[in-house]
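*Asks:* Requesting a structural model of the entry that follows:
(one chain, ligands or ions: 3)
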Amino acid sequence: MDLKIVILGPPGSGKGTQTERLCAELGFTKISTGDLLREAVRAGTPLGIKAKGFMDAGKLTPNDLVMELIREKLKNIKGGVILDGFPRNLEQAEMLDKITKVDMAIDLVVNEDKLVKRLTMRRICKDCNSVFHLEFNPPKAAGKCDKCGGELYQRSDDTEKTVRERLRVYKESTLPLTEYYAKKGILKRIEGEGDISEIYRRIVKAINAK
Ligand code: ADP
Ligand code: ADP
Ligand code: ZN
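*Replies:* Residues are numbered from 1 along each chain as shown. Ligands and ions are numbered 1, 2, ... in the order given. Alright, predicted model coming up:
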């Protein structure tokens, strides 16, 4: 499948979790700007150094930095792509439209009161970026990734205070994108609460209908 799919939804709505599975089972390539930024921060690149303060504060990283990462990635990819966490504002969506044609935008709909608990108990694999939750999706062995055995860590921005700011930023900057894609006739809203596998099936059904 050659679809270019954007996955929208607030922080904690399950974008990373569902993208991981779509890539493993349907052969999509993931482009996650969050993962790319965290790698740049860890590697201490000039871009990472610039991005870090914004990320720790729960703010969006400036568009030029993110576009630099996206352009580089999209250049080298063939086949279906899932963009996870990008675009995050109108300007990014317009820039993306200039680089490639987006076929579908999936909006994962989750009530805000669920998101804080999802995020503050989230754990990530430091080697492969797989996503876990201490209660809702726990790893088989405590502290270790099911997929690669890597060590799990808690993101420094998954604290309650930063999560609240990220939710505010989401509503202000990212939520309007659902309207942007709805107007193009390519928005698909998916109920993002409930069983992870059930949500996955809903998404696959929507993709197959494309
Ligand atoms: P996002 O990428 O949208 O920020 P994640 O996929 O990282 O969201 O999920 C946030 C947290 O919620 C993770 O800890 C994940 O394991 C958990 N999670 C994902 N989907 C569900 C679900 N349907 N029910 C409960 N918890 C979930
Ligand atoms: P989540 O899905 O849990 O909100 P992400 O991993 O997508 O988290 O993003 C983490 C942080 O990385 C954001 O708070 C922001 O600082 C930065 N970031 C990620 N993607 C973008 C983007 N497309 N534009 C601007 N900043 C971004
Ligand atoms: Zn792993």
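
*Asks:* only C-alpha atoms for contact and neighbour calcs from this point on.
*Replies:* Noted.

*Asks:* wait, does stretch 29-43 contact ligand 1?
*Replies:* No. Contact between stretch 29-43 and ligand 1 is absent, the nearest approach being 8.8 Å (criterion: Cα under 6 Å from any ligand atom).

*Asks:* what sits up against that stretch?
*Replies:* Counting by Cα atoms under 8 Å, 6 or more residues apart in numbering, the neighbours of stretch 29-43 from elsewhere in the structure are 19-20, 23, 47-49, 51-52, 66, 69-70, 73, 77, 79-86, 129.

*Asks:* With only the CA atoms kept, save that stretch in PDB.
*Replies:* Output for stretch 29-43, consisting of C-alpha atoms alone and laid out as PDB, is shown next (Å, rounded to 0.1, in the frame of the first residue of the first chain):
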ATOM      1  CA  THR A  29       7.100   3.200   7.300                       C
ATOM      2  CA  LYS A  30       6.800   5.300  10.400                       C
ATOM      3  CA  ILE A  31       7.900   8.900  10.500                       C
ATOM      4  CA  SER A  32       7.600  10.200  14.100                       C
ATOM      5  CA  THR A  33       8.900  13.700  14.600                       C
ATOM      6  CA  GLY A  34       8.800  13.100  18.300                       C
ATOM      7  CA  ASP A  35      11.100  10.100  18.000                       C
ATOM      8  CA  LEU A  36      13.400  11.900  15.600                       C
ATOM      9  CA  LEU A  37      13.600  15.000  17.900                       C
ATOM     10  CA  ARG A  38      14.400  12.800  20.900                       C
ATOM     11  CA  GLU A  39      17.100  11.000  19.000                       C
ATOM     12  CA  ALA A  40      18.600  14.400  18.000                       C
ATOM     13  CA  VAL A  41      18.500  15.500  21.600                       C
ATOM     14  CA  ARG A  42      20.200  12.400  22.800                       C
ATOM     15  CA  ALA A  43      22.800  12.600  20.100                       C
END
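
*Asks:* Could you give me the buried positions within it?
*Replies:* Across stretch 29-43, burial judged by 16 or more other Cα atoms under 10 Å covers Thr29, Lys30, Ile31, Ser32, Thr33, Gly34, Asp35, Leu36, Leu37, Arg38, Ala40, Val41.
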